[in-house]
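**Student:** sequence? don't have it. structure:
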Ligand SMILES: NC(=O)c1ccc[n+]([C@@H]2O[C@H](COP(=O)([O-])OP(=O)(O)OC[C@H]3O[C@@H](n4cnc5c(N)ncnc54)[C@H](O)[C@@H]3O)[C@@H](O)[C@H]2O)c1
Ligand SMILES: O=C(O)C[C@H](O)C(=O)O
């Protein structure tokens, strides 16, 4: 039995993400939570002839029943950016939303794998960590910031330049999930040696600021939803596949480096005392099985790390202190 709860299930990401999850034969219960419209979304999805039973839960009074005993909780709840905003501008509203959902998960589904999509991911993941610590149910192997969209974009944009199959080209993207904290390691991708430094820098910027392309094109109507649903489903389904079947799947994801202290040693050597970083992770039955080395980084990429680390540090402490110095939970 695998119960997956989507919090924010009626939203721009939540609906297509739930549709993609409904197609998985591994999920037996798909629980849809939002503060609006989930009865309709759940009724609609429940007519699809796949295995998962679909239930809809609306409003905070129904959060406990929605989330109780979930194996996986995916959180795309909260407001998206409008043109001119940074992801950090969303903190004011989304921090409280993620905190409240994390409190419910800590109380009613403390063993769930937590997949955090809500922005700013660099800060919302530390919020979830601190809530779980507060309730004494913290396990860094089970809390993930979903950065898969950066990897999906990197595969697409790099393939446009070097050719090949975007569906199978893997580009490691480490760091965080906002602007200069997004660190594509193009030097590790076979075929990028054909590119000029100018092309490398241009595609790196495109990956770092890919979200802005969509925000601009949507012109006030939100940010990436469909590509995020694709990426979020890929990540959540990898978590489920690894947990249920023990399949060793490698995916870059934003985790606390305590999730595998030994494995994180080489990352720590580069990022110093930074606690969180998106790193290549081998997923397994218990979530993070191993943190894998970030591998060789060239001089240009080193410079990108130097820009990313201070910004990430600020984002992380902003999220953590929202709980540790915030109102009593
Ligand atoms: N990690 C990533 O790569 C990535 C990519 C795209 C978007 N995002 C982020 O995902 C979030 C959602 O984006 P969207 O486009 O789906 O927004 P949206 O406004 O379309 O949907 C958000 C949903 O969250 C719901 N919601 C609000 N408060 C809630 C609460 N307390 N509990 C449960 N649900 C609640 C809303 O009712 C709405 O249905 C944003 O913060 C956005 O920045 C992250
Ligand atoms: O750009 C955004 O605000 C949404 C998301 O983080 C993205 O990368 O598309």
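**Tutor:** Looks like it arrived, so ask away. It should be emphasised that the depicted structure is a prediction, and the values quoted were computed from it without experimental measurement. Residues are numbered from 1 along each chain as shown. Ligands and ions are numbered 1, 2, ... in the order given.

**Student:** how far away is residue 94 from residue 7?
**Tutor:** As judged by C-beta to C-beta, to the nearest Å, residue 94 and residue 7 stand 12 Å apart. From N, CA and C alone the C-beta is placed, and that goes for glycine too.

**Student:** Also residue 120?
**Tutor:** From residue 120 to residue 7 the distance is 17 Å (C-beta to C-beta).

**Student:** what's near enough to touch the residue in the chain that ligand 1 sits nearest to?
**Tutor:** Proximity of the chain to ligand 1 (C-beta to the nearest ligand atom) peaks at residue 11, 2.1 Å away. Applying C-beta atoms under 8 Å, 6 or more residues apart in numbering to residue 11 gives the contacts 34, 76, 77, 225.

**Student:** Over to residue 252?
**Tutor:** Contacts of residue 252 by C-beta under 8 Å, 6+ apart are 147, 148, 150, 151, 172, 173, 174, 278, 279, 280, 281.

**Student:** Quick check: the two most widely separated of those residues?
**Tutor:** Within the contacts of residue 252, two members stand farthest from each other by C-beta to C-beta: 150 and 281, at 14.3 Å.

**Student:** elements contacting the strand or helix carrying residue 270?
**Tutor:** Assessed by DSSP states H and E, residue 270 sits inside helix 265-271. If contacts are counted by 3 or more C-beta pairs under 8 Å, 6 or more residues apart in numbering; DSSP states H and E, helix 265-271 sits against strand 276-284, helix 299-324.

**Student:** and if we set it to 6 Å?
**Tutor:** strand 276-284 (3 or more C-beta pairs under 6 Å, 6 or more residues apart in numbering; DSSP states H and E).

**Student:** contacts for the strand it packs on?
**Tutor:** 147, 172, 174-175, 242, 248-250, 252-254, 256, 267, 271, 288-292, 316 (C-beta atoms under 6 Å, 6 or more residues apart in numbering).

**Student:** likewise stretch 83-91?
**Tutor:** 79, 119, 120, 123, 178, 215, 216.

**Student:** Please apply the same query to stretch 151-168.
**Tutor:** Here stretch 151-168 makes contact (C-beta under 6 Å, 6+ apart) with 169, 171, 173, 184, 191, 203, 206, 207, 210, 231, 252.

**Student:** Quick check: the two most widely separated of those?
**Tutor:** Greatest spacing in those, by C-beta to C-beta: 191 and 231 (22.6 Å).
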